[in-house]
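Visitor: sequence first, predicted coordinates after that:
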Amino acid sequence: MIGYGESVETLLPTVLKVGEINLKCMALLDKANTETYGIPEPTDVTLTIEKGGPFIVVTGHDLRDLQLLLEQTEGKGINIYTHGEMLPAHAYPFLKKFSHLKGNFGTAWQNQQKEFDHLPAPILYTTNCLMPPKSSYADRVFTTEMVAFPGAVHIDEKKDFTPVIEKALELGGYKEDQILTGINGGTKVTTGFGHAAILSHAGTVVEAVKSGAIRHFFLVAGCDGAKPGRNYYTEFVKQTPSDSIVLTLACGKFRFNDLELGEIGGLPR
């Protein structure tokens with residue numbers, strides 16, 4: 001345990017060690033994802049929910065749960081929509097091959113009580129934050145892994161998603177297309193800008209920097225708050241100049257990833 005009186009000489013090696021372990025963990029996670037599902041590709045994802053059929057919303061981070069659900073719903077006329085941090089699934093080639101993985105539902109996780117209100121579809125929570133469900137959709141909340149809530153059906157380690165599928169068929173979905181938007185009014189979001197995609201364009205980026213087409217790189221590593229007025233990072237991104245590139249690290253991107261910032265040399269800003 002490091003006390004308040006410890007010196008920089010003691011603290012710095014500890015901080016560097018934490019960074020080293022973090023990098024190793026990220027490399028292992030990246031290897032697991034890419035060896036299983038392929039290298040993520042930049043992908044446009046619609047926010048429109050199609051009419052005339054049952055669907056399931058999947059939220060969280062567990063790509064394995066999504067894969068199993070896609071396999072168990074294949075050929076059943078049920079569409080699958082991601083939510084929250086499950087959005088990057090659309091960029092993986094293995095998962096993109098499922099034609100019923102249709103798009104992304106809703107915006108940031110903290111809006112779920114409003115966006116799930118009277119939703120004519122079940123929601124499967126894998127590893128994402130679950131806010132106390134409102135009575136208008138409590139009967140269609142399903143959980144798995146470490147997520148649970150009193151009264152919600154929990155899918156155990158056997159990963160039999162039959163109860164979720166049956167609820168989707170029972171509810172039936174929307175009668176008309178629902179053209180939803182992001183927080184800023186955009187009708188699509190993008191994902192898949194992992195390190196492989198970025199490095200594949202390294203030459204283009206370097207030349208753009210040399211020519212002055214790219215003059216700044218901004219790294220947004222924080223998150224806006226849920227309360228009104230706590231939108232510093234969104235406003236910052238909106239005001240970034242057209243000769244700059246915006247990189248993100250945190251889930252704060254879900255507050256502004258529907259913004260159309262234009263391109264530099266064919267690369268999205």
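Guide: Arrived safely.

Visitor: when you work out contacts or count neighbours from here on, use the C-alpha atoms and nothing else.
Guide: Noted.

Visitor: helix or strand for Ile245, which one?
Guide: Assessed by DSSP states H and E, Ile245 sits inside strand 244-248.

Visitor: and that strand, what does it pack onto?
Guide: strand 216-220 (3 or more C-alpha pairs under 8 Å, 6 or more residues apart in numbering; DSSP states H and E).

Visitor: can you give the distance from the strand it packs on to the centre of its chain?
Guide: 20 Å (C-alpha atoms, centre = their mean, to the nearest Å).

Visitor: check which residues of the strand holding Ile245 are buried.
Guide: Buried residues in strand 244-248, counted by 16 or more other C-alpha atoms under 10 Å: Ser244, Ile245.

Visitor: again with stretch 51-69
Guide: Neighbour-count burial for stretch 51-69, counted by 16+ other C-alpha under 10 Å, picks out 53-63, 65-66, 69.

Visitor: show me the residues you listed that map onto helices.
Guide: When helices are assigned by DSSP state H, the members of the buried residues of stretch 51-69 inside them are Leu63, Asp65, Leu66, Leu69.

Visitor: and after the strand holding Ile245, which helix or strand comes next?
Guide: Per DSSP H and E, the first helix or strand lying C-terminal to strand 244-248 is strand 263-264.

Visitor: chain center to that following strand: distance?
Guide: For strand 263-264, the separation from the chain centroid amounts to 23 Å (computed by C-alpha atoms, centre = their mean).

Visitor: elements contacting whichever helix or strand comes after that strand?
Guide: For strand 263-264, the following helix or strand on the C-terminal side (DSSP H and E) is strand 267-268. Of the remaining helices and strands, none touches strand 267-268 by 3+ C-alpha pairs under 8 Å, 6+ apart.

Visitor: repeat that with 10 Å
Guide: Secondary-structure packing of strand 267-268 (3 or more C-alpha pairs under 10 Å, 6 or more residues apart in numbering; DSSP states H and E): strand 244-248.

Visitor: and the angle from the strand it packs on to strand 216-220?
Guide: Interaxial angle of strand 244-248 relative to strand 216-220 (axes from the mean of the first three to the mean of the last three C-alpha atoms, to 10 degrees): 20 degrees.

Visitor: what is the mean pLDDT for strand 244-248?
Guide: Averaging pLDDT along strand 244-248 gives 94.

Visitor: what lines up beside it in the sheet?
Guide: The strands beside strand 244-248 in its sheet (DSSP bridges) come out as strand 216-220 (parallel).

Visitor: identify the residues contacting the partner strand?
Guide: Outside strand 216-220, the residues within contact range by C-alpha atoms under 10 Å, 6 or more residues apart in numbering are 209, 233-234, 236-237, 240-253, 269.

Visitor: quick check, Leu119 in a strand?
Guide: No. Leu119 is assigned coil when assessed by DSSP: H, G, I helix; E, B strand; the rest coil, not a strand.

Visitor: check contacts around the closest residue in space to it that isn't next to it in sequence.
Guide: Excluding its sequence neighbours, the residue lying closest to Leu119 (C-alpha to C-alpha, 6 or more residues apart in numbering) is Tyr137, at 6.5 Å. Tyr137 makes contacts with Gln113, Phe116, Asp117, His118, Leu119, Pro120, Ala121, Pro122, Ile123, as judged by C-alpha under 10 Å, 6+ apart.
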